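Visitor: Give me a model of this one.
(one chain, ligands or ions: 1)
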Amino acid sequence: MTAPARQRRRGPAIEGAAARSAAQHIVTEVCERHQPLAGVLEEAAHGPLARLSDRDQALARAIGRVTVRRRGDIDWCLAQMLAKPLPKRAAEVRAVLRVSAAQILFMRQADHAAVNVAVALLKGEGATGGFAGLANAVLRRLIRERDALLAALPVEANTPGWLWHRWVAHYGAETAAAIAAAHRAEPGLDIAFADPVALLPEGGVALPTGGARLKAGAVTAIEGYAEGGWWVQDAAAQLPVTLFGNVAGATALDMCAAPGGKTMQLAARGARVTALELDADRAARIGENLARTHLAEHVRVTVGDALAAEGTYDAVLLDAPCSATGTMRRQPDVAWSKSAADIKALADVQRDLLRRAARCVAPGGTLVFATCSMEPEEGEAHLPFVAEALPELSLDPVTEGPAASFATPEGAMRTLPSMTIPGTDLAGLDGFFAARFRRR
Ligand SMILES: C[S@@+](CC[C@H](N)C(=O)[O-])C[C@H]1O[C@@H](n2cnc3c(N)ncnc32)[C@H](O)[C@@H]1O
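Guide: Residues are numbered from 1 along each chain as shown. From the prediction side, this is the model:
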């Protein structure tokens, strides 16, 4: 990843320019070059962000995250200001406008700094200079008309049309609107504990899964992280493992294991776990996480293809690769990087993995299938497939434990970002599907 071009050519002269320029770089990588936000932020820490003060780094990250989170809303507002869309090749101009609009519309800070930096970034050498006047006019109008624009913002503006129409068809217009609204908010920080009787960190709220929700912040600075007392895991992602019930002493296969959140849950509950992962780099992350949480002695990490998984186990977890549309609160770029064709292809892979998973469950053992997707093809639609193609498995309806609050009429579990966590006033959790099967 290279440093932002403009920043290389001239040093920043306006206060906050370096942070805003770094944010523009993050947004270009994600929105124009289709790189995942989490990876771009990680790489930028060793690139454009490394040259900034801590304060500017935090500002650049915040602007980058807000811009990606509100990309659809920003583009809708900008479209009201532009007589015609920017040419496709004007990637740098688009990134500058999006980053500046994010600050003006959603961060309510230093409006004029946002405009001045945008104009300075576009002006001068290079092909973007001709757009500086346009940017100046558009952004100043955005400041003037901000309140009216935000009041008129359609609920679906922040969701790509194809996803919006799917959610309306499957969940109804009201729930689709609530999901879209939940995606606009920055999520809290959910954690799971290595020690089941761990104390709640200060300011945390207990989750029904045994984990906790904290205020979002720098993870590594929160008490107990360095000691390996907990790991970050969304409240919904903590539910599938609870479907196994008591796994103390059981053999468990986690077929698609990285980065290891559910492997750690199984190990912390006393299972002897084989953690299988196709991607060697991601498998290494499981090892790091297990070492930090002192759970490594309960787990054998193996790099390999789950489609060729061998052996039989008391508990098999298939947390399958999926479109991840349920994680859009945490990974807002997912909305724009996936297509309907991806969902179809992933659902096919999930069925192949289910076939293999069924072979790995010992007679009387349990298979839990899960996806962090809101798309029915990657969840509910697998139930009739299993009933027909895998008669050795019988659905074991979700009736007890923390997942029971999210039970579906068919006996599976479904969470959505628009839901509230029962027993708490905590709003929002990832969209997850899970189903439990017993092997005859
Ligand atoms: C949804 S993520 C798993 C998350 C993990 N269970 C956790 O809780 O941290 C899916 C994982 O499956 C891996 N994967 C994809 N295809 C696979 C395959 N054929 N065999 C094994 N792992 C696979 C991906 O690399 C990815 O790490």
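Visitor: excluding its backbone neighbours, what's nearest Val40?
Guide: Leaving aside its sequence neighbours, Val40 sits nearest to Glu29 (C-beta to C-beta, 6 or more residues apart in numbering; 4.4 Å). For every residue, glycine as well, the C-beta is placed using N, CA and C.
Visitor: I figured that neighbour was touching Leu41, is that so?
Guide: No: in terms of C-beta atoms under 8 Å, Glu29 does not count as a neighbour of Leu41; the distance is 9.5 Å.
Visitor: mind listing what the longest strand anywhere in the chain pairs with, with the direction of each?
Guide: Among the segments of the chain that qualify as a strand by DSSP state E, the longest is strand 361-371. Looking at strand 361-371 with DSSP bridges, its partner strands are strand 313-319 (parallel), strand 432-439 (antiparallel).
Visitor: for those strands, which one sits closest to the ligand?
Guide: Proximity to the ligand (C-beta to the nearest ligand atom) singles out strand 313-319 among these, at 3.6 Å.
Visitor: And the contacts of that closest one?
Guide: 240-241, 244, 247, 250-257, 262, 266, 271, 274, 306, 353-354, 357, 360-362, 365-372 (C-beta atoms under 8 Å, 6 or more residues apart in numbering).
Visitor: Can you narrow those residues down to the ones near the ligand?
Guide: Among those, the residues within reach of the ligand (C-beta under 6 Å from any ligand atom) are Cys256, Ala257, Lys262, Ala306.
Visitor: Could you check which helix or strand contains the first one?
Guide: To tie it back to what came earlier, the one meant is Cys256. Under the criterion of DSSP states H and E, Cys256 resides outside all helices and strands.
Visitor: Next one, pLDDT for it please.
Guide: As predicted, Cys256 sits at a pLDDT of 98.
Visitor: One more: Glu15?
Guide: Confidence at Glu15, expressed as pLDDT, is 67.
Visitor: ok, now Ala127?
Guide: Looking at Ala127, its pLDDT is 67.
Visitor: before we move on, what about Arg300?
Guide: So Arg300 comes in at 98 (pLDDT).
Visitor: Just the residues contacting the helix or strand it falls within, thanks.
Guide: Arg300 is part of strand 299-303, with elements assigned from DSSP H and E. Contact with strand 299-303 is made by 257, 263, 267, 273-280, 283, 286-287, 290, as judged by C-beta under 8 Å, 6+ apart.
Visitor: Name the nearest residue to Ala79, ignoring sequence neighbours.
Guide: Once flanking residues are discounted, Ala79 sits nearest to Pro85: 7.2 Å by C-beta to C-beta, 6+ apart.
Visitor: on that earlier part again, for the longest strand of the chain, what is the distance to the chain centroid?
Guide: Chain-centre distance of strand 361-371: 26 Å, with C-alpha atoms, centre = their mean, to the nearest Å.
Visitor: quick one on the thing from earlier: looking at Glu29 and Leu41 now, which is surrounded by more residues?
Guide: Glu29 (24 against 18; other C-beta atoms under 10 Å).
Visitor: Show me what the strand or helix carrying Leu121 is packed up against.
Guide: Secondary structure assigned from DSSP H and E places Leu121 in helix 111-122. With contacts taken as 3 or more C-beta pairs under 8 Å, 6 or more residues apart in numbering; DSSP states H and E, helix 111-122 sits against helix 17-27, helix 91-102, helix 132-152.
Visitor: Buried ones in that helix, by neighbour count?
Guide: Asp111, Ala113, Ala114, Val115, Asn116, Val117, Ala118, Val119, Ala120, Leu121, Leu122 (16 or more other C-beta atoms under 10 Å).
Visitor: out of the residues you listed, which touch the ligand?
Guide: Within the buried residues of helix 111-122, nothing lies near the ligand by C-beta under 6 Å from any ligand atom.
Visitor: With pLDDT as extra columns, can I get those in a markdown table?
Guide: As requested, the buried residues of helix 111-122 are exported to a markdown table (pLDDT from 0 to 100):
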| residue | pLDDT |
| --- | --- |
| Asp111 | 82 |
| Ala113 | 84 |
| Ala114 | 87 |
| Val115 | 90 |
| Asn116 | 89 |
| Val117 | 86 |
| Ala118 | 88 |
| Val119 | 88 |
| Ala120 | 86 |
| Leu121 | 83 |
| Leu122 | 86 |
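Visitor: what's the farthest-apart pair in those residues?
Guide: Asp111 and Leu122 (17.2 Å; C-beta to C-beta).
Visitor: how about the residues of this protein that lie near the ligand?
Guide: So the chain meets the ligand at 256-262, 276-279, 282, 305-307, 319, 321 (C-beta under 6 Å from any ligand atom).
Visitor: out of those, which are buried?
Guide: 256-262, 276-278, 306, 319, 321.
Visitor: Quick check: of these, which lies closest to Ala296?
Guide: Checking these against Ala296 with C-beta to C-beta, the nearest one is Gly260 at 10.3 Å.
Visitor: Now that closest one, what are its backbone angles?
Guide: Gly260 adopts backbone torsions of phi 110, psi 10, taken as degrees, to the nearest 10.
Visitor: Name the residues that touch the helix or strand hosting Ala284?
Guide: According to DSSP H and E, Ala284 maps onto helix 280-292. If you take C-beta under 8 Å, 6+ apart as the criterion, helix 280-292 is touched by 228, 231, 257-261, 263-264, 267, 275, 277, 296, 299, 301-303.
Visitor: ok, now with 6 Å
Guide: Gly228, Ala257, Ala258, Pro259, Gly260, Ala275, Glu277, Ala296, Val299, Val301, Val303 (C-beta atoms under 6 Å, 6 or more residues apart in numbering).
Visitor: Could you do stretch 222-236 as well?
Guide: 190-194, 198, 201, 207, 219, 261, 264, 292-294, 415, 421, 429-430, 432.
Visitor: buried ones in that stretch?
Guide: Across stretch 222-236, burial judged by 16+ other C-beta under 10 Å covers Ile222, Tyr225, Gly228, Gly229, Trp230, Trp231, Val232, Gln233, Asp234, Ala235, Ala236.
Visitor: Excluding chain neighbours, give the residue nearest to Ser339 in space.
Guide: Trp162 (7.3 Å).
Visitor: Off-centre distance for the helix or strand containing that neighbour?
Guide: Secondary structure assigned from DSSP H and E places Trp162 in helix 161-171. Centre-to-centre, helix 161-171 and its host chain are 19 Å apart (C-alpha atoms, centre = their mean).
Visitor: didn't Leu253 look like it was pressed against Arg272?
Guide: No: counting by C-beta atoms under 6 Å, Leu253 sits too far from Arg272 to count as a contact (10.2 Å).
Visitor: who's more crowded, those two?
Guide: Leu253 (28 against 19).
Visitor: quick check, the more buried one in a helix?
Guide: No: using DSSP: H, G, I helix; E, B strand; the rest coil, the assignment for Leu253 is strand, not a helix.
Visitor: Please name the nearest non-neighbouring residue to it.
Guide: Tyr313 (4.3 Å).
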